[in-house]
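> Any chance you could fold what I've pasted below:
(2 chains)
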Number of protein chains: 2
Amino acid sequence: MGTIYTYHQLLSFAESIFLKIGCSESDAKIAAQSLLIADLRGVDSHGVARLSGYVRLWEVNRINANPFIKIIHETPSTGVIDGDSGLGLVVAPFAMNVAIEKAKQFGSGWISVQNSNHFGIAGQFAMMALDHEMIGIAMTNASALVAPTFSKERMLGTNPIAVAVPAGAEPAFVADFATTTAANGKLEILQRKNEQVPDGWVQDKAGLSSNDAHELKKGGSLLPLGGNREHSSHKGYMLGSIVDIFSGVLSGANFGPWVPPFPAYVPMPENLPGKGIGHFFGAMRIDAFGPSENFKKNMDLWIRRFRSAAPVSTDQPVIVPGDPEREIEKYRLENGIELLTEVAEDLIALGNKFAVNL
Amino acid sequence: MGTIYTYHQLLSFAESIFLKIGCSESDAKIAAQSLLIADLRGVDSHGVARLSGYVRLWEVNRINANPFIKIIHETPSTGVIDGDSGLGLVVAPFAMNVAIEKAKQFGSGWISVQNSNHFGIAGQFAMMALDHEMIGIAMTNASALVAPTFSKERMLGTNPIAVAVPAGAEPAFVADFATTTAANGKLEILQRKNEQVPDGWVQDKAGLSSNDAHELKKGGSLLPLGGNREHSSHKGYMLGSIVDIFSGVLSGANFGPWVPPFPAYVPMPENLPGKGIGHFFGAMRIDAFGPSENFKKNMDLWIRRFRSAAPVSTDQPVIVPGDPEREIEKYRLENGIELLTEVAEDLIALGNKFAVNL
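Below you'll find the predicted structure:
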């Protein structure tokens, strides 16, 4: 039960709000498009549903609507960017473009970012590389909700990894995933339905396995991909740690339990070792590893072979990463984006505050 | 129940065997050290236990003991290396050294490798970067044992990822893990004990969940990290796919179900799209992202903070990746390496064949 809006209605609304908080015209457009990519691709938790959250961060001076984003350290193939507390939605594409420029010149480009904020979905920045016939990589740290294996303490964010790989005739391979068993968005769906979560998704504040979808509000934590030791949760913990180190330690951003929280009402951690939250981006030209026609031909073969792998059930063919999101995007561009009633109401209230109609 | 050998006994034995099959003195030393690193670090499945497997591959002309390893394509920060069917144990350190040299000059270096063979444990090559104050990355594809989510067909290898990160006063962070719920080695341990495996490790040839440790011999498959759809096995599938694409498609090696098998008696797949198996290596100078002293100080802080994260049980503190392997290495250097009786017997038989005493 929700309300359906067109892509352009929501895009225009988000753009107007970003303009109202003082973003430049080009930044407002970039930020709005970035949010809408999440809605189009079906990652509803990271789209316009978060718009009022960004505004609240701006209200408490944790987001700078007019950042001076700059490169503060670089080599031919690497660099660090200071996001000047800007919207991650604006800082991240700036940084990814620097990675792409370095890849054009030197084969690959690798950028770590400090002093940024939440950047929406990681996949969109990895996908920026595709138009340049490059492989794109994007990751970010986030405020701590995840306990390492053997711990009951929240030490890592859901720290996603995205990798986009161009193909020839086939659409691109696009992987984009949190390094936890379940992303927070999946938990929220079960919370609304008042259903239990499966084993291996969350634990309670004592570190015991739990099926309560509301466990995070009670001091519990999300579990790393794997879920428990027997199912190799230490691998999810290692993946989340790698994302944290590349995004936070390498850039001079905060890391581990010090990463600033997204909700503006949650107090900031104390004794911060760095600035803001951190991201990490990579771009590699496919022709930096051989003729691009060979790569595209073999990538098409890879995709077709995996899509035709013998299925367990004929009802459900094997999926290539990126397929489901592309289908949702096509559907929502044609049929509109359905927002949950509470999300639509929240946006209407936000619009009223800034005299913008949804 | 096994036999204990010293590090130097096993090293010298492996070196002698590699010399006997025609490796140069330096290659024999490199290959032997590479195998022994696995034994020292407790990854018994990838150490001298595999020595006779490598020899059998040489006997069927699938390993070239005197390869001409060369760079066949490059840019300042990237390159492709042709391993000329050499031992992966020799091709991989060559490639990692090229990545390190590129990182010295251009900030980072990224090398994809074709026409190679099994390279032992990935972590050892990632760790080569540590002496140069670099972050090291290593991955490899391998012959198909793993079914993608929704599939009953073996399409991917256990495709490991290793990342080594230097610190200051603390020992390095070293992550090294297969992208499956359980590595093959863990399955073998339960096979020997005649015990069942937990849910989420393997499935039978119809794609149904199984607890039979011998399932792989019956046409079943390993499961990607996550284990099943509800626990996000699609993330393990994506990770394994990324390793396959970076190692196989990018380099011009084989990929997916076409990756050549390690056991010499298993027939080669048909219609190979590439050459041999593929690896991927990366090196990033830490001072390519800012002053190295800052990085080391913050990495020490990261390690100490994670090691002191609140444990679920006081019996088991939180572990930083690399800690357990470093402890085993220290123990085994002092107390020797215990080989299973069947492994020791296999090595003695191998030694008899080549007139080398263990």
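> Show me how chain A divides into domains.
Domains of chain A are assigned by automatic domain parsing as A:1-66+A:322-358, A:67-180+A:229-307, A:182-222.
> any idea which of the ones you listed is most buried?
Ranked by mean neighbour count, the domains of chain A are led by domain A:67-180+A:229-307 with a mean of 23 (mean count of other Cβ atoms under 10 Å in any protein chain shown). Glycine gets a C-beta too; all of them are placed from N, C-alpha and C.
> follow-up on the earlier one: would you format the domains of chain A as TSV with mean pLDDT and distance to B:Gly120 included?
TSV is the format used below for those (pLDDT from 0 to 100; distance: least, Cβ to Cβ, whole Å):
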stretch	mean pLDDT	distance to B:Gly120
domain A:1-66+A:322-358	96	33
domain A:67-180+A:229-307	98	19
domain A:182-222	92	31
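> Which one, of those, ends up nearest to B:Ser52?
Comparing the domains of chain A against B:Ser52 with Cβ to Cβ, the closest turns out to be domain A:67-180+A:229-307 (28.9 Å).
> Can you get me the start-to-end distance on the closest one?
44 Å (Cα to Cα, to the nearest Å).
> element containing the residue nearest to A:Phe246 when sequence neighbours are not counted, please.
Closest residue to A:Phe246 apart from its sequence neighbours, by Cβ to Cβ, 6 or more residues apart in numbering or on different chains: A:Phe280 at 4.1 Å. When elements are assigned from DSSP states H and E, A:Phe280 belongs to strand A:277-285.
> quick check: angle from that strand to strand B:277-285?
130 degrees (axes from the mean of the first three to the mean of the last three Cα atoms, to 10 degrees).
> Could you name the helices and strands sitting against strand A:277-285?
If you count contacts as 3 or more Cβ pairs under 8 Å, 6 or more residues apart in numbering or on different chains; DSSP states H and E, strand A:277-285 packs onto helix A:88-106, strand A:108-116, strand A:134-140.
> I'd like the domains of chain A as TSV, with distance to B:Glu270 appended.
Below are the domains of chain A laid out as TSV (distance: least, Cβ to Cβ, whole Å):
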stretch	distance to B:Glu270
domain A:1-66+A:322-358	27
domain A:67-180+A:229-307	13
domain A:182-222	39
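> Contact partners for A:Ser34?
A:Leu89, A:Val90, A:Ala92, A:Pro93, A:Phe119, A:Gly120, A:Gln124 (Cβ atoms under 8 Å, 6 or more residues apart in numbering or on different chains).
> how far away is the second one from chain B?
Same thing as A:Val90. Counting by Cβ to the nearest Cβ, to the nearest Å, the separation of A:Val90 from chain B is 21 Å.
> What is the end-to-end distance of stretch A:72-90?
Start-to-end span of stretch A:72-90 (Cα to Cα) is 17 Å.
> How far off centre is that stretch?
Remark: stretch A:72-90 is offset 17 Å from the chain centroid, using Cα atoms, centre = their mean, to the nearest Å.
> Also stretch A:159-174?
Distance, centroid of stretch A:159-174 to centroid of chain: 15 Å (Cα atoms, centre = their mean).
> go on, stretch A:116-125?
4 Å.
> Tell me which stretches of chain A form helices.
Using DSSP state H, the helices of chain A run over A:7-20, A:25-40, A:51-59, A:88-106, A:123-127, A:184-193, A:233-244, A:292-307, A:323-335, A:341-354.
> Using CSV, lay out the ones you listed together with distance to A:Pro263.
Formatted as CSV, those follow (distance: least, Cβ to Cβ, whole Å):
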stretch, distance to A:Pro263
helix A:7-20, 18
helix A:25-40, 17
helix A:51-59, 7
helix A:88-106, 15
helix A:123-127, 22
helix A:184-193, 12
helix A:233-244, 20
helix A:292-307, 39
helix A:323-335, 26
helix A:341-354, 14
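> Out of those, which gets nearest to B:Glu329?
So among the helices of chain A, helix A:233-244 is nearest, using Cβ to Cβ, at 18.2 Å.
> From the rest of the structure, what touches the closest one?
Contacts of helix A:233-244 (Cβ under 8 Å, 6+ apart): A:139-141, A:146, A:148-149, A:156-161, A:179-181, A:200, A:223-227, A:255-256, A:259, A:278, A:280, B:163, B:173, B:175, B:177, B:179, B:225, B:239, B:302, B:306, B:319, B:321.
> beta partners of the spatially closest residue to A:Asn335 that is not a sequence neighbour?
Residue nearest to A:Asn335 in three dimensions, not counting chain neighbours: A:Ile4, with 7.5 Å by Cβ to Cβ, 6+ apart. Beta bridges link A:Ile4 to A:Glu338, judged by DSSP bridges.
> Pull the contacting residues for A:Ile4.
By Cβ under 8 Å, 6+ apart, the neighbours of A:Ile4 are A:Asn335, A:Gly336, A:Ile337, A:Glu338, A:Leu339.
> what's the closest of these to A:Trp58?
Nearest to A:Trp58 among the contacts of A:Ile4, with distances taken as Cβ to Cβ, is A:Leu339, at 21.7 Å.
> For the closest one, which non-adjacent residue is closest in space?
A:Leu339 sits nearest to A:Gly2 (Cβ to Cβ, 6+ apart), 5.2 Å away.
> thought the one you found was touching A:Glu338?
Yes - taking contacts as Cβ atoms under 8 Å, A:Gly2 lies within contact range of A:Glu338: 4.5 Å.
> Just put the helices and strands packed on strand A:277-285 in a markdown table and tack on distance to A:Lys353.
A markdown table is the format used below for these (distance: least, Cβ to Cβ, whole Å):
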| stretch | distance to A:Lys353 |
| --- | --- |
| helix A:88-106 | 20 |
| strand A:108-116 | 25 |
| strand A:134-140 | 28 |
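> residues contacting the spatially most central residue of chain A?
For chain A, the residue lying nearest the average C-alpha position, counting by Cα atoms, centre = their mean, turns out to be A:Ile121 (2.7 Å). When contacts are counted by Cβ under 8 Å, 6+ apart, A:Ile121 touches A:Ile37, A:Ala38, A:Arg41, A:Val43, A:His46, A:Pro160, A:Ala162, A:Asp176.
> can you redo those as CSV with distance to chain B?
Shown next, in CSV, are the contacts of A:Ile121 (distance: Cβ to the nearest Cβ, whole Å):
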residue, distance to chain B
A:Ile37, 19
A:Ala38, 18
A:Arg41, 15
A:Val43, 15
A:His46, 17
A:Pro160, 10
A:Ala162, 10
A:Asp176, 9
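> Now go through those residues and say which are in strands.
If you go by DSSP state E, these have A:Ala162, A:Asp176 in strands.
> State the pair within the contacts of A:Ile121 that is farthest apart.
The largest separation in these, counting by Cβ to Cβ, is between A:Ile37 and A:Pro160 at 14.2 Å.
> quick revisit: ok, what's across the strand from the residue nearest to A:Phe246?
Using DSSP bridges, the bridge partners assigned to A:Phe280 are A:Ser112, A:Met139.
> right, and it touches A:Ser251 too?
Yes - counting by Cβ under 8 Å, A:Phe280 touches A:Ser251, with 7.4 Å between them.
> show me what contacts the residue lying closest to A:Ala92 once chain neighbours are set aside?
Leaving out its chain neighbours, the residue that sits closest to A:Ala92 by Cβ to Cβ, 6+ apart is A:Phe119, at 4.1 Å. Contacts here follow Cβ under 8 Å, 6+ apart; on that basis A:Phe119 touches A:Ser34, A:Gly88, A:Leu89, A:Val91, A:Ala92, A:Phe125, A:Thr140, A:His279.
> Equivalent analysis for A:Arg304, please.
Here A:Arg304 is in contact with A:Glu170 (Cβ under 8 Å, 6+ apart).
> Can you name the residue of the stretch 151-300 of chain A nearest chain B?
A:Gly207 (3.2 Å; Cβ to the nearest Cβ).
> how about that residue, what does it touch?
A:Ala147, A:Ser151, A:Lys152, B:Pro311, B:Val312, B:Ser313.
> before we move on, back to that, relative to B:Ala99, which of the helices and strands packed on strand A:277-285 is closest?
That would be strand A:108-116 among these, by Cβ to Cβ, at 11.0 Å.
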